[in-house]
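> pasting the sequence and the predicted model now:
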Amino acid sequence: MLSPNQKTINKPIKLTGVGLHNGVIADLVINPANENFGIKFCRIDISENNLITANFKNVIEPILCTKISNKDGITVSTVEHLMAAFFGEGIDNALVEVNASEIPILDGSASEFVEAIRSAGIKEQSALRQFIQVEKKIEIREGEKFISIEPSKDDLIIDFEIVYKNPLIRTRRKEFRLSNDKLSEIYNSRTFCLYEDIDLIKSKGLAKGGSLENAVVVKNNEILNDDGLRNRHEFVYHKILDCIGDLMLSGNRIIGHVITSQGGHALTNKLLLKFFSDKSNWSLKGSKSINKKAQINEVLKKPLAVGI
């Protein structure tokens, strides 16, 4: 069962990789942190005012990734996959040092972050966790796109629909229940794009570090990556991964039911801003008040499935 206590990692984790959008090689060190510290990023390539708290209020320009900023305008982007790994592995407190403006994309999924966290080991701390219990339904709509969150008794549920004109991706929908479903395929699902969108994305100064090593590229009915898809739901599972990472920016794990069609980073952030703007929408619950059936560890302890 999931411990009611907060957790951090046992020892520092070092990773190196290219930024998906800036194309810069970055060194990343994830450090243990004291209880109640939360998740914070430190830009060690900048000498002053370089600490950035992982919080939805600090999100700026959520276009094709999640970027956060401090009050001095120091930013770090593409935090969502690492935040999803922290969520799933039960990490509440960590200081993430990086010497560039973007977190390495690694293989385009969260699997390498998860493997590194498990290799370092996880340390249980004395302070108790708190959970955010959804009390009221909140919805954001933008044309055909929408996202909502509503009460759930004792679980995080994400019901995600993607809609693409591409004949291979098409419309796909999956519901993920944290208490019942395996996180392994979610962790292992990579970011993806359409071949015909690459020039447009790059014209905006993005995807400078993108390649078939860190993204799935779809051209008409064809997957251009030699290894194809890792699982048959990889497209929608990656969107769920992103959603989990963005929800982790709430500061505590959410107990609620998220439903979205054609959602993404910007829509999830707008939902969180609206949701937390009214204290009657939510309440804080201590770990011991959460139904043990919904506690997460039984899922988290299952081995990571790589290359399915």
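Cool, the structure landed.
> where are the low-confidence patches of the stretch 101-250 of the chain?
Within the stretch 101-250 of the chain, no stretch falls below the threshold (pLDDT under 70).
> quick one: the strands in it?
Per DSSP state E, counting those that start in this stretch, the stretch 101-250 of the chain carries strands over the ranges 122-128, 130-134, 138-142, 145-150, 156-163, 171-177, 192-194, 216-219, 222-223.
> what's across from Asn31 in the sheet?
Beta-bridge partners for Asn31, by DSSP bridges, are Leu95.
> that one: how many residues sit nearby?
Neighbour count of Asn31, defined by other C-beta atoms under 10 Å: 16. C-beta coordinates here come from the backbone N, C-alpha and C atoms, glycine included.
> surely it and Pro12 touch.
Yes: assessed by C-beta atoms under 8 Å, Asn31 is found in contact with Pro12 at 5.1 Å.
> for the residue nearest to Glu102 when sequence neighbours are not counted, name its beta-bridge partners.
Distance criterion C-beta to C-beta, 6 or more residues apart in numbering; nearest residue to Glu102, sequence neighbours excluded, is Gly19 at 3.3 Å. For Gly19, the residues forming beta bridges with it (DSSP bridges) are Pro104.
> verify the stated contact: Gly19 with Cys65.
No: taking contacts as C-beta under 8 Å, Gly19 lies outside contact range of Cys65: 9.5 Å.
> pull up the overlap in contacts between these two.
Common contact partners of Gly19 and Cys65 (C-beta atoms under 8 Å, 6 or more residues apart in numbering): Ser77, Thr78, Glu102.
> for the residues you listed, give me JSON lines that also has distance to Ile254 and neighbour count.
What follows is those, written out as JSON lines (distance: C-beta to C-beta, whole Å; neighbours: other C-beta atoms under 10 Å):
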{"residue": "Ser77", "distance to Ile254": "23", "neighbour count": "23"}
{"residue": "Thr78", "distance to Ile254": "22", "neighbour count": "22"}
{"residue": "Glu102", "distance to Ile254": "26", "neighbour count": "24"}
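> need those in JSON lines with distance to Glu213, can you?
Output for these, formatted as JSON lines (distance: C-beta to C-beta, whole Å):
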{"residue": "Ser77", "distance to Glu213": "19"}
{"residue": "Thr78", "distance to Glu213": "15"}
{"residue": "Glu102", "distance to Glu213": "16"}
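> wait, which of the residues you listed is closest to Val258?
Lowest distance from Val258 to those (C-beta to C-beta) belongs to Thr78, with 21.2 Å.
> can you give me the distance of that closest one to Ser280?
According to C-beta to C-beta, to the nearest Å, Thr78 and Ser280 sit 34 Å apart.
> and Lys145, by the same measure?
Here the criterion is C-beta to C-beta. By it, Lys145 lies 26 Å from Ser280.
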